[in-house]
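> Need a 3D model of the following:
(one chain, ligands or ions: 1)
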Amino acid sequence: MHRLAVAFLGSYMKDKRGSHRAKKRMVQDGIERLKSIPGWDPAKFVSTSTLVRLKEVQHEYQTRNTFEAAQHCQQCHQLRQASGDPTALCEEHFAQAMSFG
Ligand SMILES: [Zn+2]
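The predicted structure is shown next:
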């Protein structure tokens, strides 16, 4: 999350004395402040971080699946014995593990 957005949300959460109207005003002020930062596009920011996280999860899932499949792959097995590396992958599974889909 954006550094200033975090600082703003932190101060907002800590403010328990302010009235509802004051909090609402504070939120509006914070949004205006963020909007004034050059290159800060809320819509773009959110979709980018969500997409990155989605790709991370997808890659994590795919990597786990690949290593599970490699347990039963004859080529991976041979490569592991030859190289002495228990995590070695054959060309096919290596490409699969490195792929982000
Ligand atoms: Zn394999």
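
> can I see the domain layout of the chain?
1-40, 53-101 (automatic domain parsing).

> which stretch in the ones you listed is the model least sure about?
Mean pLDDT per stretch puts domain 1-40 lowest among those, at a mean of 66.

> Out of the domains of the chain, which gets nearest to the ion?
domain 53-101 (3.2 Å; C-beta to the ion). No exception for glycine: its C-beta is placed from N, CA and C like everyone else's.

> hmm, that closest one in reach of the ion?
Yes: with C-beta under 5 Å from the ion as the criterion, the ion is reached by domain 53-101 at Ala70, Cys73, Gln75, Cys76, Cys90, His93.

> Can you point out the buried residues in stretch 25-33?
Gly30 (16 or more other C-beta atoms under 10 Å).

> Only the C-alpha atoms, please, for it, written as PDB.
Provided in PDB are the C-alpha atoms of stretch 25-33 (Å, rounded to 0.1, in the frame of the first residue of the first chain):
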ATOM      1  CA  ARG A  25     -14.100  15.400   6.600                       C
ATOM      2  CA  MET A  26     -10.800  13.900   7.500                       C
ATOM      3  CA  VAL A  27     -11.300  11.100   5.000                       C
ATOM      4  CA  GLN A  28     -12.200  13.600   2.300                       C
ATOM      5  CA  ASP A  29      -9.100  15.700   3.100                       C
ATOM      6  CA  GLY A  30      -6.900  12.600   3.000                       C
ATOM      7  CA  ILE A  31      -8.400  11.600  -0.400                       C
ATOM      8  CA  GLU A  32      -7.800  15.100  -1.700                       C
ATOM      9  CA  ARG A  33      -4.200  15.000  -0.500                       C
END
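
> Sweet, I'm off.
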